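**Q** Need coordinates for the following:
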Amino acid sequence: MIVLNRKARSRARLRNIDRLIFVRLYRVFPSILNAITVVKPETVIRWHRCGFRAYWRWKSHRRGGRPRIQREIRDLIRRMNKENPLWGAPRIHSELLMLGIEVAESTVARYMTKRQRPASQNWKTFVRNHAAGIASIDLFVVRTISFKLLYGLVILRHARRRLVSARVTSNPTAEWIAGQVTDAFPWDEAPRHLIRDNDGVFGLAYTRRIRAMAIRDRPTAPRSPWQNGHVERLIGSIRRESLDHLVVFGEAHLRDVLKTYASYYNKVRPHLSLDKDAPDFRGTQKIGRIAATPILGGLHHQYVRL
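**A** The predicted structure follows:
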């Protein structure tokens, strides 16, 4: 063996069966390490340790586990994910619950394509304790196909995250905003507090009107949009879920889009803060064939049982 090993041009190439033979010989005759020449003694010991680890890895391998969900549900999750690319696992999980299909949210995330700065604790406590009597108002801008600047006004009730009003204008004034607040809240249903930013458009006519309605004006601190986080999140949702995916042709077109989205937001869209229910309360359906109704040209879908 020494002579052959000396004349060989390269190292001896061993197979797994050869390694197993050496390991077995080592276990029966440990003194073989003193006479072995094909490999180093440390190599045989390393093979033995690797075999020991492989054996116990196989021995401790888990068998069984939770059963897989039905193929129809997996296909439905993938279908919802494909038809609604803006939806995440919580949104799809909410739709499944509304259809009477009870699966874990982690299971939904597993079968779909894989695709947050807390506010001041004092402010969060204030909002939580007064949510039923708080509303928010804010403006956002939209460019049309001819680059004309339009303004959208949204008013949100905090209690059920309900979008009370979504209006459009090309020239926002304090008088116009005051009129929208009057239309949004009947005199006997006006909120106790109305949060807004420090935009100069909220002028004297606005403050007088809400004071006459017994609403307390709550402007946020300068450069602190997080203090009006609910309506800021709403405007972000409007952009991400509708306006970022279409071209606005004019004021009438934008008004129709916001009207359609407001209906979808209040009646269909689930909210995590509402235990995955819609602001106008959606009932759970467990019987019937599942059908999809397109919303905003198929950008979103409502799933119901017929």
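**Q** Just the pLDDT at Asp244, thanks.
**A** The model reports Asp244 with a pLDDT of 94.
**Q** That one: neighbour count?
**A** Neighbour count of Asp244, defined by other CB atoms under 10 Å: 10. (Glycine included, C-beta is placed from N, CA and C.)
**Q** again with Leu272
**A** 11.
**Q** And the next helix or strand past the least confident helix or strand in the chain by mean pLDDT?
**A** When each helix and strand of the chain is scored by mean pLDDT, DSSP states H and E, helix 2-7 comes last, with a mean of 64. Using DSSP states H and E, the next helix or strand after helix 2-7 towards the C-terminus is helix 16-28.
**Q** got the CA positions of that following helix in PDB?
**A** Output of helix 16-28 as PDB, limited to C-alpha atoms (Å, rounded to 0.1, in the frame of the first residue of the first chain):
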ATOM      1  CA  ASN A  16     -19.100   6.200   0.300                       C
ATOM      2  CA  ILE A  17     -19.000   2.400   0.600                       C
ATOM      3  CA  ASP A  18     -15.200   2.700   1.100                       C
ATOM      4  CA  ARG A  19     -15.600   5.300   3.900                       C
ATOM      5  CA  LEU A  20     -18.200   3.100   5.500                       C
ATOM      6  CA  ILE A  21     -15.800   0.100   5.500                       C
ATOM      7  CA  PHE A  22     -13.100   2.200   7.200                       C
ATOM      8  CA  VAL A  23     -15.500   3.500   9.800                       C
ATOM      9  CA  ARG A  24     -16.700   0.000  10.600                       C
ATOM     10  CA  LEU A  25     -13.200  -1.300  10.800                       C
ATOM     11  CA  TYR A  26     -12.300   1.500  13.100                       C
ATOM     12  CA  ARG A  27     -15.200   0.800  15.400                       C
ATOM     13  CA  VAL A  28     -14.300  -2.900  15.600                       C
END
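**Q** buried stuff in that helix?
**A** Buried residues in helix 16-28, counting neighbours by 16 or more other CB atoms under 10 Å, are found at Arg19, Phe22, Val23, Tyr26.
**Q** what does stretch 203-217 give?
**A** Going by 16+ other CB under 10 Å, stretch 203-217 has these buried residues: Tyr206, Thr207, Arg209, Ile210, Met213, Ile215.
**Q** how far does that stretch sit from the chain's center?
**A** Using CA atoms, centre = their mean, to the nearest Å, the distance from the centre of stretch 203-217 to the centre of the chain it belongs to is 37 Å.
**Q** Span of that stretch from start to end?
**A** Stretch 203-217 has its terminal residues 12 Å apart, counting by CA to CA, to the nearest Å.
**Q** same question, stretch 90-109
**A** End-to-end distance of stretch 90-109: 8 Å, with CA to CA as the criterion.
**Q** got it, and stretch 149-169?
**A** With CA to CA, one end of stretch 149-169 sits 9 Å from the other.
**Q** Find the centremost residue of the chain, please.
**A** Centroid check for the chain by CA atoms, centre = their mean gives Gly88 as the closest residue, at 4.2 Å.
**Q** Next up, the contacts around Lys286.
**A** Applying CB atoms under 8 Å, 6 or more residues apart in numbering to Lys286 gives the contacts Leu99, Gly100, Arg305.
**Q** Quickly list what the last one is bridged to.
**A** Pointing back at Arg305 there. On the basis of DSSP bridges, Arg305 takes part in beta bridges with Ile290.
**Q** residue contacts, it?
**A** Arg305 neighbours (CB under 8 Å, 6+ apart): Leu99, Gly100, Gln285, Lys286, Ile287, Gly288, Arg289, Ile290, Ala291.
**Q** Next one: it from Leu272, what distance?
**A** Distance of Arg305 to Leu272, given as CB to CB, to the nearest Å: 23 Å.
**Q** quick check: mean pLDDT across stretch 172-192?
**A** 91.
**Q** Now do that stretch: everything it contacts.
**A** Stretch 172-192 is contacted by residues 130, 133-135, 137, 139, 151, 153, 155, 157, 164-165, 167, 169, 194, 201-206, 208-210, 213-216 when judged by CB under 8 Å, 6+ apart.
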